[in-house]
Structures are given as structure tokens and as C-alpha cells.
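Enquirer: just coords:
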């Protein structure tokens, strides 16, 4: 898997990945199953794409435990998920979506994954975006040689390929893309040379640090007055 843009895993990167893994690994056996991974990113991913990850088609797990991914497998996943513009990431998600393994993504394969997105939008009482409209949008974004299917080469030739994957199987990122989230746009303008991974890791590091500080402050207040103790009067 490709590494972050600066060529190494900084402490900030390690901290974010480890915390994310620990949040999902509820029994702390250093293994994650499908139900754990479904909770990633506030239930951002569809069941269908998670099934494909656990089929180990895009990448064999190193955990050697049936139906479980280990820490190394999770590192590969999170790098792919949070920086869909990198070549290893594009290859990872392309293999996930290429159901018959013939090297092209067809309309039917894309629709198979998008159906679940559509259903989730309806369940959340959001205005559903029909697949026909999505397909037209994707064709414009990729600018492929043939409009009836896409190849990995087509995806690597478009800087919007990551957004195509988000549209098809990550509801939260699809919504952010559709609304052109102003916070994310500002982040990109302020740091145009950073990768999606760098931006994600920095954003999450700040959030996790703030949560930890708040937890420490909360624990510290217990030294002043422990409400679990009986009142002395």
C-alpha cells in the first residue's frame, strides 16, 4: 500500500489509525469483523462493500482468522478509505466493485452497489438521487473512452475517481460531496499540497486530542467531589 505523502508514518498518523482500530475492536482482541467495520466512520459504508472487503478479493487478510481482519489489514483499509485518490486505493476499490473480475466496471456492477445507497437515503427521508442521474454524473467526472463501462486506467486518469467511489458506497462522503461541504473546501484551499490522507489524519488527530483532554478534565474533577459518595448530612 502507498504510504502518506511525506513517505513515513508520523506519530499523528499512528495515533489516529490506532485509535480508530481500538474504537471498532470492541472486545480488544486485535481483530475486527464485519459488524465492527460497518460502524466505521459513523456507519458510512454499505454492507455490500464491506462484504467485498471481507471476501478478501481486493487484498488477502494477514490475520489468518476466518472472518476477521487484523491491525495490518485495517491499516491498508483505512489508507484506502481515507485517500481514494492514490493508485493503491483506486486498485483496492476497483477490485471490490469488479464483481466478475473481468477488469471493467459495468453499469450493472455500479448499480448493484448504488442500490444500497439509494435505500439508505430513502430510510433517512432524504431526497433520493436516482441511479440514471448518478451514472450521467459519473460519466462526466471520469470522461471515459467508453460510456458503458470503466477501466482502472480510466479511473487513474481522473482526479475525481475517489468521489465516484464515495458516491457508490460511502453515504456520508457522498452527501458531503453533493453539498460541497464548505469546511472540506476550505481545508483543500489552505493546504493544496496535502493528500486526502494527510488532511483526514490531521483533522482526526485534533478531534481525538480534544476528546482526550475533555476526558482528562472530567476525571480530574472527581478529585474535588465524588458524587458517588454518600452525602455527609
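Expert: That came in fine, so what should we check first? All values derive from a computational prediction rather than experimental measurement.
Enquirer: hey, which helix is longest across the chain?
Expert: If you go by DSSP state H, the chain has its longest helix at helix 196-220.
Enquirer: what distance separates that helix from the centre of its chain?
Expert: Computed by C-alpha atoms, centre = their mean, to the nearest Å, the chain-centroid distance of helix 196-220 equals 18 Å.
Enquirer: what comes up buried for that helix?
Expert: Using 16 or more other C-beta atoms under 10 Å as the test for burial, helix 196-220 gives 196-202, 204-205, 208. In short, each C-beta sits where N, CA and C put it, glycine included.
Enquirer: possible to save those as a markdown table with pLDDT?
Expert: Shown next, in a markdown table, are the buried residues of helix 196-220 (pLDDT from 0 to 100):
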| residue | pLDDT |
| --- | --- |
| 196 | 80 |
| 197 | 86 |
| 198 | 86 |
| 199 | 83 |
| 200 | 81 |
| 201 | 83 |
| 202 | 86 |
| 204 | 88 |
| 205 | 88 |
| 208 | 86 |
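Enquirer: List of residues touching stretch 152-162?
Expert: 83-85, 87, 89-91, 94, 103, 141-145, 164, 196 (C-beta atoms under 8 Å, 6 or more residues apart in numbering).
Enquirer: rewinding a little: show me what the longest helix of the chain packs onto, helices and strands only.
Expert: If you count contacts as 3 or more C-beta pairs under 8 Å, 6 or more residues apart in numbering; DSSP states H and E, helix 196-220 packs onto helix 11-24, helix 71-82, helix 182-190.
Enquirer: highest average neighbour count across those?
Expert: Burial of these is given as mean neighbour count (mean count of other C-beta atoms under 10 Å); helix 71-82 ranks first at a mean of 21.
Enquirer: Packing partners of that one?
Expert: Counting contacts by 3+ C-beta pairs under 8 Å, 6+ apart, helix 71-82 packs against helix 11-24, helix 87-97, helix 196-220.
Enquirer: Compare these and say which comes out lowest on pLDDT.
Expert: Of all these, mean pLDDT reaches its minimum on helix 196-220 (a mean of 80).
Enquirer: Compute the inter-axis angle for it and helix 71-82.
Expert: 110 degrees (axes from the mean of the first three to the mean of the last three C-alpha atoms, to 10 degrees).
Enquirer: where in the protein is pLDDT low?
Expert: Within the chain, the ranges that satisfy pLDDT under 70 run 1-9, 181-193, 218-233.
Enquirer: what's residue 98 in contact with, if anything?
Expert: 104-105, 109.
Enquirer: Can you say which of those are buried?
Expert: With burial judged by 16+ other C-beta under 10 Å, the buried subset of those is 105, 109.
Enquirer: Let me know the closest of the contacts of residue 98 to residue 116.
Expert: Nearest to residue 116 among those: residue 109, at 13.1 Å, using C-beta to C-beta.
Enquirer: could the helices and strands packed on helix 71-82 go into TSV alongside distance to residue 73?
Expert: As requested, those are exported to TSV (distance: least, C-beta to C-beta, whole Å):
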stretch	distance to residue 73
helix 11-24	10
helix 87-97	12
helix 196-220	17
